[in-house]
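> please find the sequence and the predicted model below.
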Amino acid sequence: MAIQQSSSAPSAPASSRPYRRARTGYGKRSAPGQRPSAPTDFALLPARERYVAGYVDHLPDGAAMDIKSLAKDLPLYGQMAIGTALRALAVAGHLRHVRCRVESLGQSRWVTLTFWSRTARDNEWWALQLAGGADVGESEPEPEAAKEEPVAPVVPQQRVPEASEAVPAGPSPAYLALARLGRVEPRLALSAADCAALESLAATWFARGVDADYLTRALTSGLPEQVGSPVGLVRRRLTDKAPARLPDAAPAPDAPVRALLVECTECGRPGPPGALPDGLCRPCRQSPPAGPVEPVEPDGPAAECDIEAHMRLLREKLRMP
């Protein structure tokens with residue numbers, strides 16, 4: 001359990017200073033359902049983590065909060081100390097590193113986001129939130145204001161045209177494509193009666209997904225030098241060259257599905273939201289936080305013997321001609 005620290009820790013930098021912006025699609029993302037900011041938000045954290053958390057909490061969405069950027073903006077701590085502080089904040093339930101795949105302009109790319117919550121959350125809340133589950137935020141819905149029912153305007157009844165007054169429909173696309181054959185290829189000039197007789201066959205082509213240009217090219221390519229019966233040739237080609245029926249396209253989903261993986265705060269290993277409790281993978285949870293490596297001092301007598309032997313070797317080389 002965290003122990004409340006004294007207020008002698010340095011305060012976070014002021015929120016009015018300019019911040020480093022992350023690349024488009026990267027950076028900080030605020031989690032939903034946070035309580036309002038208060039001076040005692042991070043009072044139970046150690047001094048270093050409280051200092052880093054206060055700075056990150058004032059960052060706007062989209063700001064860079066990787067270890068290098070935070071170490072440049074917070075001169076009191078280096079990169080190793082910032083990394084250890086971010087790990088502690090992830091264990092405390094304030095942040096999660098997420099790798100998300102986004103698609104734009106026909107291209108797919110992976111971006112890394114850092115979700116930040118001023119309110120400490122448990123692993124179940126983070127797993128539901130990042131997996132796209134139900135809304136587990138604490139914000140209560142605002143009461144809806146009473147709305148007055150609008151009064152329907154009085155519209156005079158419109159006169160509905162009778163069936164005899166209906167406007168006749170224009171020619172179908174199949175009929176028009178057949179009628180234009182004679183202008184594209186004079187050897188296939190068809191009369192109005194011919195177009196009406198062949199309209200049903202041409203409509204079958206349009207029903208299978210082709211357009212007028214495709215139909216025209218299929219009927220006019222490879223013609224003999226002389227065509228004795230244009231209507232007979234067109235009927236034969238409409239029957240023999242009918243395109244294949246393509247399967248119906250699958251309906252597009254209502255919303256694009258985004259692949260989302262949580263990254264380990266310590267080593268960056270990705271995994272599903274529920275597989276990284278406290279934002280750490282299993283090896284990093286079992287190992288202590290990485291700290292500065294203390295140099296191992298050699299024993300005194302052995303070190304002195306090595307120095308004396310090295311000096312004797314140097315003296316012997318100086319005496320050589």
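Noted; the coordinates are in hand.
> what segments of this structure are strands?
27-30, 95-104, 107-116, 260-263, 270-271 (DSSP state E).
> what stretches of this protein score poorly on pLDDT?
Low-confidence segments of the chain, defined by pLDDT under 70: 1-18, 24-25, 103-107, 132-169, 248-259, 273, 288-306, 318, 320-321.
> hey, where'd the helices end up in it?
Here the chain has its helices, by DSSP state H, at 47-57, 67-73, 79-91, 123-130, 173-179, 181-184, 192-207, 212-220, 230-240, 282-286, 300-319.
> tell me which residues in the first one are buried?
Taking 16 or more other CB atoms under 10 Å as the basis for neighbour counts, the residues of helix 47-57 that come out buried are 48-57. (C-beta placed from N, C-alpha, C; glycine too.)
> ok, now the third one?
Residues 81-91 are the ones in helix 79-91 that count as buried (16+ other CB under 10 Å).
> so what touches stretch 307-315?
Among residues not part of stretch 307-315, none is counted as a contact by CB atoms under 8 Å, 6 or more residues apart in numbering.
> how about that stretch as PDB, C-alpha atoms only?
These are the backbone C-alpha positions of stretch 307-315, laid out as PDB (Å, rounded to 0.1, in the frame of the first residue of the first chain):
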ATOM      1  CA  ILE A 307      49.600  -2.600 -10.900                       C
ATOM      2  CA  GLU A 308      53.000  -3.700  -9.800                       C
ATOM      3  CA  ALA A 309      53.300  -6.400 -12.500                       C
ATOM      4  CA  HIS A 310      52.200  -3.800 -15.100                       C
ATOM      5  CA  MET A 311      54.900  -1.300 -13.900                       C
ATOM      6  CA  ARG A 312      57.600  -3.900 -14.000                       C
ATOM      7  CA  LEU A 313      56.700  -4.800 -17.600                       C
ATOM      8  CA  LEU A 314      56.900  -1.100 -18.600                       C
ATOM      9  CA  ARG A 315      60.400  -0.700 -16.900                       C
END
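> follow-up on the earlier one: adding distance to residue 35, write the helices of the chain out as CSV.
CSV is the format used below for the helices of the chain (distance: least, CB to CB, whole Å):
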stretch, distance to residue 35
helix 47-57, 12
helix 67-73, 24
helix 79-91, 17
helix 123-130, 14
helix 173-179, 62
helix 181-184, 73
helix 192-207, 60
helix 212-220, 63
helix 230-240, 72
helix 282-286, 28
helix 300-319, 59
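> so can I have TSV of the buried residues of helix 47-57 showing distance to residue 124?
Shown next, in TSV, are the buried residues of helix 47-57 (distance: CB to CB, whole Å):
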residue	distance to residue 124
48	28
49	23
50	25
51	29
52	25
53	22
54	26
55	28
56	23
57	23
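> of all the residues you listed, which comes closest to residue 112?
Each of these was scored against residue 112 by CB to CB, and residue 56 proved nearest at 15.4 Å.
> who touches that closest one in this structure?
28, 65, 70, 89, 95, 116.
> can we see that at 7 Å?
65, 116 (CB atoms under 7 Å, 6 or more residues apart in numbering).
> I'd like the distance between it and residue 121.
15 Å (CB to CB, to the nearest Å).
> repeat that for residue 48.
Counting by CB to CB, the gap from residue 48 to residue 121 is 21 Å.
> related to what we said a few turns ago, go through the buried residues of helix 79-91 and name the one nearest residue 207.
residue 90 (58.6 Å).
> CA atoms only: put stretch 175-188 into PDB for me.
Below are the C-alpha coordinates for stretch 175-188, written out as PDB (Å, rounded to 0.1, in the frame of the first residue of the first chain):
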ATOM      1  CA  TYR A 175     -32.500   0.300 -75.100                       C
ATOM      2  CA  LEU A 176     -30.300   3.300 -75.300                       C
ATOM      3  CA  ALA A 177     -27.100   1.300 -75.600                       C
ATOM      4  CA  LEU A 178     -28.600  -0.700 -78.500                       C
ATOM      5  CA  ALA A 179     -29.900   2.500 -80.200                       C
ATOM      6  CA  ARG A 180     -26.300   4.000 -80.100                       C
ATOM      7  CA  LEU A 181     -24.700   1.000 -81.700                       C
ATOM      8  CA  GLY A 182     -25.400   2.400 -85.200                       C
ATOM      9  CA  ARG A 183     -23.600   5.600 -84.400                       C
ATOM     10  CA  VAL A 184     -20.500   3.800 -83.100                       C
ATOM     11  CA  GLU A 185     -20.500   1.100 -85.800                       C
ATOM     12  CA  PRO A 186     -22.700   1.700 -88.900                       C
ATOM     13  CA  ARG A 187     -22.700  -2.000 -89.700                       C
ATOM     14  CA  LEU A 188     -24.800  -2.600 -86.600                       C
END
